[in-house]
Structure formats: C-alpha cells, structure tokens
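Colleague: model the following, please.
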Amino acid sequence: MLEMRPNCERCDCDLAPDQPGAFICSFECTFCDECADGPLDGVCPNCRGELEPRPMRRGGALVKHPASTKRVVKKA
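Modeller: Numbering: from 1, shown residues only. Okay, the predicted model is just below:
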C-alpha cells in the first residue's frame with residue numbers, strides 16, 4: 001500500500017492524498033507537480049527513476065487507510 005507522503009521532498013509544499021498534483025517514483029519518493037515537471041524534469045533525484053502521477057486515495061479508503069503524516073524533505 002502506498003505511504004501517501006504529505007509533502008514534496010524538494011520544496012516541502014503540502015500534497016493532499018485526495019487531490020491531484022503529487023508525483024512518485026517506484027520507491028515512493030514524492031514531489032509536487034511544479035518540481036516534477038520543472039527542475040526535476042520527470043526524474044527522481046534520489047534513485048533516477050521516472051516520476052509518475054501518484055494515485056489518489058479518497059473517501060472510505062482514506063478513512064480506513066490514512067495518509068502518512070511524516071514529512072520527508074531532501075532538497076535536490
């Protein structure tokens with residue numbers, strides 16, 4: 001199950017689990033759309049993997065399996 005990190009690892013902006021705008025690599029490194037499409041050019045700076053849109057978790061699924069509250073920041 002995806003961890004659904006609450007923030008962009010590069011700029012630390014908030015990323016809601018039930019809204020679009022988050023991108024992840026296969027290791028769940030998480031970035032906002034501005035960082036992913038801009039300076040990172042679709043490539044994870046940690047593992048060099050592709051950044052893809054993160055699926056959203058909504059409604060009952062979000063209640064039963066809440067998103068992580070642990071913030072990860074690794075300025076790239």
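Colleague: ok, for residue 73, nearest residue in space, not its chain neighbours?
Modeller: The shortest distance from residue 73 to any non-neighbouring residue, by C-beta to C-beta, 6 or more residues apart in numbering, is to residue 12 (5.0 Å). For the C-beta atoms, the positions are set from N, CA and C on the backbone; glycine is no exception.
Colleague: any idea which residue sits dead centre in this protein?
Modeller: residue 30 (2.8 Å; C-alpha atoms, centre = their mean).
Colleague: look up phi and psi at that residue.
Modeller: Main-chain dihedrals, residue 30, degrees, to the nearest 10: phi -120, psi 130.
Colleague: ok, it to residue 42 distance?
Modeller: Separation of residue 30 from residue 42 (C-beta to C-beta, to the nearest Å): 14 Å.
Colleague: again, but for residue 16
Modeller: Per C-beta to C-beta, residue 16 is found 21 Å from residue 42.
Colleague: pLDDT weak spots in this structure?
Modeller: Along the chain, the parts satisfying pLDDT under 70 run over 75-76.
Colleague: that one: strands as residue ranges?
Modeller: Using DSSP state E, the strands of the chain run over residues 22-24, 30-32, 52-53.
Colleague: need the winner for burial among these.
Modeller: Ranked by mean neighbour count under mean count of other C-beta atoms under 10 Å, these are led by strand 30-32, which reaches a mean of 26.
Colleague: what's next to it, contact-wise?
Modeller: 5, 7-11, 13, 15, 21-24, 40, 44, 51, 54, 72 (C-beta atoms under 8 Å, 6 or more residues apart in numbering).
Colleague: can you select the buried ones from those in PyMOL?
Modeller: In PyMOL, this line selects whichever of the contacts of strand 30-32 come out buried by 16 or more other C-beta atoms under 10 Å:
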select buried, resi 5+7+8+9+10+15+21+22+23+24+40+44+51+54
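Colleague: can you tell me how far the residue located most distally from the centre of the chain is from residue 15?
Modeller: When distances are taken from the C-alpha mean of the chain, residue 60 lies farthest, 20.5 Å away, according to C-alpha atoms, centre = their mean. According to C-beta to C-beta, residue 60 stands 21 Å off from residue 15.
Colleague: ok, now residue 28?
Modeller: For residue 28, the distance to residue 15 equals 12 Å [C-beta to C-beta].
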